[in-house]
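S.K.: No sequence on hand, only this structure:
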């Protein structure tokens, strides 16, 4: 149907439009969050909003470059790109610059680059390449482990640099693997682990253990008609209890106090109102202020550049990880909902386009893009609204920062290029 | 199914997020208000509270600055408590107590942490205040009394309580509000409108400048000055005369209803209820349950009117045609009535009594007869009593007068159904309730009602609702104070009664109280009263009551004086009335001997009798 169209028209303009809406709206909010209501020059490079404008302009150059390159390049050179990314991550241990406790930056003169923002894209390419290889069978445990290795290596390197948030993003690949056919049991296990883990923290080891055992056996007797494989529920129950005990141990003995506090704030474990008040002032200060900024926005917000808490800089890191609180305060429920809707539309659009691909490489890669964007969206906005514990990762296209913006731009536009090329398949 | 896991997860998360946003931004919050935004510092500017002047323009109440340390608990950060306490000169226990109280009131709203700093403390503290997040100093204006009189009229201001804050959102914790007297009645006029400046803060509590160029700021509006109808000199004189006695004096200008003096004794110095000592002094005054200085006796002391009520008995009898000027009766030291020949005593000396000398000699028998004829004119005592009651009530008795002070008592004027309740199985008649004829029955009045009744007689048939407000800067006073209230008695009936009242001074019970050069009309009154000592009903020395107005024609002043346990009417109340009248009309007092006598007289001994625990004599 679209055979006759020229190459440029095959670009997915919907995704591109959503991208520009997000970047543009993000810029407005960075402008508000970092200007304190006073703007001397839009290109003031001492201010985040000035730099961000430069970053955005440079990302346009990147887009042109990405679209200009032959689509097959990305598949063919996926391994090389992946290796380069790994090298750049390893290099951090020697040349890296420490910012806020994480050694994840290269400094060039006045500029800093965060390779982990680009490694996501490289890993996505590598995973796509490996899974789409004709010799790979995702149902073989051996191949599953190799695929896992592709994501664990960069994730582990990033964890060593003390950037736990970015490490967590690699969990996004679970969605990719699931789409490509790993057993459904894995999904059940993942859900089970999540439920048992959270329940242990919230309700304690003993309650969780008892409920897990009772539930397992109840389900077993309801579902299983031949009562021969009694070992199965016993194993599940024992594993659950062991896992719960492990979580308990991990929480109380391995996690550092500030991490414990984050979880404690998230799950509302602290009941003493005075301690809670103290926590609000100290450890969850950011969260507390960000929630207040959001709720003070009300239905329609206080207006662009009018947010009192934004002007007063009550929310630390507001132009980076907490940028969504500016949206909440100045644009209110309508503006914030619009941002959520834009993200959901973009991610769903990418999923649809991915499903439309003929080549498995493009589909896997598209899924990876959607999953990575989704996990960022989930963790960042969830954190800013107090739904999940404090984990510092940027909101794609929105948060201030060159590496992050470029990383996501590259991630997205490689897929747009692959998508545009889907009819020229070999 | 595999295709849709991510798709549905994304949708689910999207909905959860929008739900959370809805909860945070729409459901969970009241509409955003700049006043609740702790990113905005609110600086309140309290305007000048209106001054109070007397009717002659004498300044009675002005203002003085005061500094309160305020706290917003949730903005308080860890501070050097030791330094802070030593600056405020309080100890740690006080600190915790004040902080907890503020926190209990509201963590997010300002509360008074420490009220009324001295000027020296303020100077030291204001330099260092910025170090203490969540604390600030609020300047207010306190009252500065230029006088020591009229506490009951002027009233006082004090911190609003939480109930008042809930009722009127204008007020915030620590604001001052009129609690009594004119401060209460004219609160909204005198307080003005407080100003607010909104200042953008950053999270380090630093000011970034006016929020939105000050477009939300409210300019303070100064309170209005008010002139009260009180004559400060007369009021002061009245308070001096009432020294060491208990009771009240109410003086009214009949032509306008303006209250010239409203004396309550014992009283207190209004300066006691200002500043740091306010609450201690208030408690001390409040706890004095024997002399009760906080009770305004001029407005609240209900008592039997005694003989002055005879003037109304005469007027109603004349109006109803039950008697005329020449109706006569021979008084044989009392009035015999009823089946058992009960006798009401009379001290008038006996003899032929007509209206004129009935009044001037205060003949009980004459008025018992007049009252009986009024009631018995109708076949039905119930109906007669209703008619009589309406006449009496048209003088402003038996209900709230409607003056502009917030406290008062209704008094009591019985009517037909009142006695139906009392005597459900008994056909009552005039003789059953004959005590009312001499103001000793079920009739109860307050001094201000009595004074107003006197004004109505002085005006020969009407009165203006008594009031304390003369003018409010730039506005007119309430219309109800400039509207005549007509009594139900015709004009022509007043002349013989007024003449009788004049003769009280001329040749009657108050003839020794004459003031040279002033034609005074008056009426003495004596009211028996009882108390309970160890649950035994015990009679105390009679109350001394007096009403008077002067001059006889074109009266300038009408008044009622009530002296608790002052014995017969002319003894103290009458003397005080004469002195007050001379003071007001002439400006100075020539009756020096009488003045000295009153000033020196203390009734404290009398008041202590019931508490002495020993038997005592009365009416000495």
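M.R.: Ah, there it is. Here the structure is a predicted model, which is why all the values come from computation and not from measurement. Numbers count the residues shown, from 1 in each chain, chains lettered A, B, ... in the order given.
S.K.: from here on, contacts and neighbour counts on C-alpha atoms
M.R.: Fine.
S.K.: longest single helix anywhere in chain A?
M.R.: helix A:323-355 (DSSP state H).
S.K.: and it, what does it pack onto?
M.R.: Using 3 or more CA pairs under 8 Å, 6 or more residues apart in numbering or on different chains; DSSP states H and E, the elements in contact with helix A:323-355 are helix A:13-35, helix A:285-297, helix A:308-311, helix A:360-384, helix B:4-21.
S.K.: what about the one residue in the stretch 151-300 of chain B that gets nearest to chain A, neighbour count?
M.R.: Residue of the stretch 151-300 of chain B nearest chain A, by CA to the nearest CA: residue B:202 (3.7 Å). Residue B:202 has 22 neighbours, counted by other CA atoms under 10 Å in any protein chain shown.
S.K.: Is it in contact with residue B:208, as I believe?
M.R.: Yes. Residue B:202 lies in contact with residue B:208 (CA atoms under 8 Å); the separation is 6.8 Å.
S.K.: related to what we said a few turns ago, not counting sequence-adjacent ones, nearest residue to the residue of the stretch 151-300 of chain B closest to chain A?
M.R.: Using CA to CA, 6 or more residues apart in numbering or on different chains and skipping residues adjacent in sequence, the residue nearest residue B:202 is residue A:312, 3.7 Å away.
S.K.: Now do the same contact list for the one you found.
M.R.: Residues in contact with residue A:312 (CA atoms under 8 Å, 6 or more residues apart in numbering or on different chains) are A:36, B:39, B:200-203, B:208.
S.K.: Just the buried residues from those, in PyMOL please.
M.R.: Buried subset of the contacts of residue A:312, written as a PyMOL selection, criterion 16 or more other CA atoms under 10 Å in any protein chain shown:
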select buried, (chain A and resi 36) or (chain B and resi 39+200+201+202+203)
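S.K.: Among the contacts of residue A:312, which lie within strands?
M.R.: Using DSSP state E, the members of the contacts of residue A:312 that fall within strands are B:200-201, B:208.
S.K.: Please produce CSV containing those residues, extended by pLDDT.
M.R.: Output for the ones in strands among the contacts of residue A:312, formatted as CSV (pLDDT from 0 to 100):
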residue, pLDDT
B:200, 82
B:201, 78
B:208, 78
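S.K.: Just give the number of residues close to the residue lying closest to residue A:334 once chain neighbours are set aside.
M.R.: Using CA to CA, 6+ apart and skipping the chain neighbours, the partner closest in space to residue A:334 is residue A:300 (5.9 Å). By the criterion of other CA under 10 Å, residue A:300 has 17 neighbours.
S.K.: Check residue B:1 too.
M.R.: The tally of other residues near residue B:1 (other CA under 10 Å) stands at 6.
S.K.: In three-state terms, how would it be classified?
M.R.: Following DSSP: H, G, I helix; E, B strand; the rest coil, the label given to residue B:1 is coil.
S.K.: Identify the bridge partners of residue B:195.
M.R.: Note on residue B:195: beta-bridge partners by DSSP bridges are residue B:45.
S.K.: OK, contacts around it?
M.R.: B:44-47, B:217-221 are the contacts of residue B:195 under CA under 8 Å, 6+ apart.
S.K.: Equivalent analysis for residue A:11, please.
M.R.: Contact analysis of residue A:11 by CA under 8 Å, 6+ apart lists A:416-417, A:419-420.
S.K.: Please report how far residue B:194 lies from residue B:185.
M.R.: Here residue B:194 is placed at a distance of 19 Å from residue B:185 (CA to CA, to the nearest Å).
S.K.: likewise residue A:41?
M.R.: Plainly put, residue A:41 is 59 Å away from residue B:185 if you go by CA to CA.
S.K.: Looking at these two, which is more packed in?
M.R.: Shown here are residue A:41 and residue B:185; by other CA under 10 Å, residue B:185 has more neighbours (21 against 10).
S.K.: Tell me if residue A:138 really is in a strand.
M.R.: No. Per three-state DSSP, residue A:138 lies outside any strand segment and is coil.
S.K.: Not counting its neighbours along the chain, what's nearest it?
M.R.: Nearest to residue A:138 is residue A:144, by CA to CA, 6+ apart, at 5.7 Å.
S.K.: how close does that neighbour get to chain B?
M.R.: Computed as CA to the nearest CA, to the nearest Å, the residue A:144 to chain B distance reads 17 Å.
S.K.: do residue A:318 as well
M.R.: 13 Å.
S.K.: Count the residues that sit near the closest residue to residue A:377 other than its chain neighbours.
M.R.: Among residues not flanking residue A:377 along the chain, residue A:395 sits closest, at 6.0 Å (CA to CA, 6+ apart). Neighbour count for residue A:395, taken as other CA under 10 Å: 26.
S.K.: Surely residue A:395 forms part of a helix?
M.R.: No. Secondary structure of residue A:395 (three-state DSSP): coil, not part of a helix.
S.K.: Each with direction, which strands does the lowest-mean-pLDDT helix or strand in chain B pair with?
M.R.: In chain B, no helix or strand scores lower on mean pLDDT, DSSP states H and E than strand B:207-210, which sits at a mean of 79. Sheet pairing here is set by DSSP bridges, and for strand B:207-210 it gives strand B:195-201 (antiparallel).
S.K.: Kindly state the pLDDT recorded for residue B:30?
M.R.: Among the per-residue scores, residue B:30 shows a pLDDT of 58.
S.K.: remind me which residues of the chain are low pLDDT?
M.R.: No chain in the question, so chain A it is. Where chain A drops to pLDDT under 70, the residues are A:1-9, A:36-37, A:224-228, A:277, A:280-282, A:424-426.
S.K.: oops, I was thinking of chain B
M.R.: In chain B, residues with pLDDT under 70: B:29-33, B:35-36.
S.K.: for it, longest strand please?
M.R.: strand B:536-550.
S.K.: Buried residues, that one. List them.
M.R.: B:539-550.
S.K.: Distance-wise, check the residue nearest to residue A:377 relative to chain B.
M.R.: Distance from residue A:395 to chain B, counting by CA to the nearest CA: 14 Å.
S.K.: now residue A:27
M.R.: Distance from residue A:27 to chain B, by CA to the nearest CA: 21 Å.
S.K.: Spell out which parts of the stretch 201-350 of chain A neighbour chain B.
M.R.: With CA under 8 Å from any CA of the partner chain as the criterion, the stretch 201-350 of chain A meets chain B at residues A:291, A:294-299, A:308-309, A:311-314, A:332-333, A:336-337, A:340-341, A:344, A:347-348.
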